[in-house]
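Engineer: The sequence and its predicted three-dimensional model are supplied below.
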Amino acid sequence: MAFARPKKPREPLGEAALFDYAVATLARRMRTVRDLKRLMRTRAEEGEPGERAMDRVVSRLKDLNYLSDTRFAADYTRLRKENEKFGRRRVQQDLAHKGIHKDLIASTLATAYDDIDELALAREYIARKRIKRPEGVDAKKQAARITGRLMRAGFSAGTVFKLLRTWDVEVDDIEEPVPDDEA
């Protein structure tokens with residue numbers, strides 16, 4: 001088995017080359033400011049000169065309207081809600097993980113989820129994932145599994161239990177799982 005040769009350290013990129021790298025990165029996929037800076041940090045000079053170059057590149061990208069956390073948050077929320085059928089809490093956690101500011105997350109989610117019926121969205125999620133009604137001997141175990149899955153998908157406990165009640169599942173016996181953000 002051959003061993004890979006150690007990679008030569010890359011030469012740090014100047015501001016113009018860093019800008020080209022950032023544009024190419026954004027052309028492949030939309031990113032947040034924090035994510036783009038993380039990627040540029042591996043290519044920029046170390047220390048203060050590299051940080052200044054990255055800040056100038058980010059500023060220029062914002063001026064050209066290539067980079068916008070507001071637009072990222074709105075598009076990401078819309079896609080996760082419409083395609084993945086995720087609940088509000090899951091999208092909120094994902095946006096926070098991606099480095100979006102709390103105020104921007106709150107306003108984006110308010111715009112996207114205020115007119116949404118969470119129970120209907122949970123039903124769409126169940127249909128998309130082909131989750132079946134709990135039946136048989138281990139119906140209680142299946143219901144607990146479905147409860148956890150819906151909670152991880154970002155739906156509130158009240159919505160999950162309403163959905164289970166429509167299936168005539170005894171929700172008093174199900175132990176409510178602890179959401180990921182409280183664990």
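Structural biologist: That came through fine.

Engineer: tell me the SS of the spatially most central residue of the chain?
Structural biologist: Centroid-nearest residue in the chain: residue 94, 3.0 Å away (criterion: C-alpha atoms, centre = their mean). Applying DSSP: H, G, I helix; E, B strand; the rest coil to residue 94 yields a three-state assignment of helix.

Engineer: okay but it is in contact with residue 76, surely?
Structural biologist: Yes. Using C-beta atoms under 8 Å, residue 94 makes contact with residue 76 at a distance of 7.4 Å. The way it works is simple: take the backbone N, C-alpha and C, and place the C-beta from them, glycine included.

Engineer: on that earlier part again, next up, the contacts around the residue lying closest to the residue nearest to the centre of the chain once chain neighbours are set aside.
Structural biologist: Setting aside the residues directly before and after it, residue 94 is nearest to residue 80 in space (C-beta to C-beta, 6 or more residues apart in numbering), at 6.8 Å. Each residue near residue 80 by C-beta atoms under 8 Å, 6 or more residues apart in numbering is listed here: 86, 90-91, 94.

Engineer: Now residue 80, what are its backbone angles?
Structural biologist: Dihedral angles of residue 80 (phi, psi; degrees, to the nearest 10) stand at phi -70, psi -30.

Engineer: For residue 10, which non-adjacent residue is spatially closest?
Structural biologist: Of all residues not flanking residue 10 in the chain, residue 43 sits nearest, at 6.9 Å (C-beta to C-beta, 6+ apart).

Engineer: Ignore what I typed, I meant residue 112.
Structural biologist: Nearest residue to residue 112, sequence neighbours excluded (C-beta to C-beta, 6+ apart): residue 77, at 4.7 Å.
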